[in-house]
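Trainee: Only the shape, not the letters, is given here:
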């Protein structure tokens with residue numbers, strides 16, 4: 001072996017140092033990925049906590065804050081899906097945990113809120129059954145969503161559970177607005193019971209509803225401006241605008257379904273091998 005082929009102690013130390021630095025960077029990247037993977041679960045837990053909070057508030061008659069808690073749950077539900085996809089941390093466990101949290105926040109909590117706000121206890125056992133029907137339909141809707149791929153492109157099959165919950169909470173806020181405006185509106189308990197049951201039936205129905213997941217806003221200045229204007233209108237009086245938006249959206253599914261039936265126009269079906277969306281929001 002010549003002298004030039006003999007490894008110097010300095011060269012060995014440099015290579016060892018470089019190897020340790022690479023190992024440390026890999027370990028740090030692994031820690032960061034594990035931390036990002038936990039974020040969606042934390043947001044889902046926030047969704048579940050807000051739903052449980054809403055139930056406790058509704059039980060003691062604090063209806064406005066109970067509705068607000070459902071709205072907070074919806075924000076957490078939107079964030080967990082987005083963060084999971086950004087962090088590439090989607091998993092079967094996360095999807096199942098999200099559905100369980102949604103059952104509480106968008107199934108049980110709105111049913112409890114409607115039971116209290118609509119005075120369904122006046123109907124006795126019938127009132128309890130009507131409120132439970134909504135909660136059961138929400139659970140069935142979420143279970144079907146997990147195992148059945150979307151049938152039509154850009155459409156949900158049936159009213160999504162966050163949309164049904166949004167209709168309940170916006171109705172509570174709208175009734176509060178009317179009371180503050182000197183226009184007290186006492187909704188008869190039978191009407192409230194039929195309303196909550198109808199929302200439940202729409203959730204498990206095959207009626208397609210627009211999901212807006214195929215809406216493209218990137219690179220479109222006009223679309224961005226229109227969305228900002230729409231947001232400004234909604235925020236100007238949320239107790240009124242959210243209720244009106246909810247009414248229009250809930251009615252849009254059956255109206256469009258009847259229109260397509262009468263005109264013979266069909267929706268674009270998704271090929272059987274394509275996978276459905278991971279979350280409803």
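Mentor: Arrived safely. What you see is a predicted model; the values in this text were computed from it and never measured. Numbers count the residues shown, from 1 in each chain.

Trainee: In terms of secondary structure, what does the helix or strand of the chain with the lowest mean pLDDT contact?
Mentor: Scoring the helices and strands of the chain by mean pLDDT, DSSP states H and E places helix 9-59 at the bottom, with a mean of 81. Contact here means 3 or more Cβ pairs under 8 Å, 6 or more residues apart in numbering; DSSP states H and E; on that basis helix 9-59 packs against helix 63-86, helix 92-103, helix 109-117. From N, CA and C alone the C-beta is placed, and that goes for glycine too.

Trainee: switch the cut-off to 10 Å
Mentor: Using 3 or more Cβ pairs under 10 Å, 6 or more residues apart in numbering; DSSP states H and E, the elements in contact with helix 9-59 are helix 63-86, helix 92-103, helix 109-117, helix 161-180.

Trainee: Now do the strands in the stretch 151-281 of the chain.
Mentor: 155-157, 208-210 (DSSP state E, counting those that start in this stretch).

Trainee: what's the most buried one of the ones you listed?
Mentor: strand 155-157 (a mean of 23; mean count of other Cβ atoms under 10 Å).

Trainee: who's in contact with that one?
Mentor: Strand 155-157 is contacted by residues 141, 144-145, 148-151, 163, 203-214, 253, 256, 267-270, 276-277, 280 when judged by Cβ atoms under 10 Å, 6 or more residues apart in numbering.

Trainee: ok, of those residues, which come out buried?
Mentor: Burial by neighbour count, judged by 16 or more other Cβ atoms under 10 Å, picks out 141, 145, 150, 163, 203-205, 207-209, 211, 253, 256, 270, 280 from the contacts of strand 155-157.

Trainee: Closest one of these to residue 232?
Mentor: If you rank the buried ones among the contacts of strand 155-157 by distance to residue 232 using Cβ to Cβ, residue 163 comes first, at 21.9 Å.

Trainee: Fine by me, thanks again.
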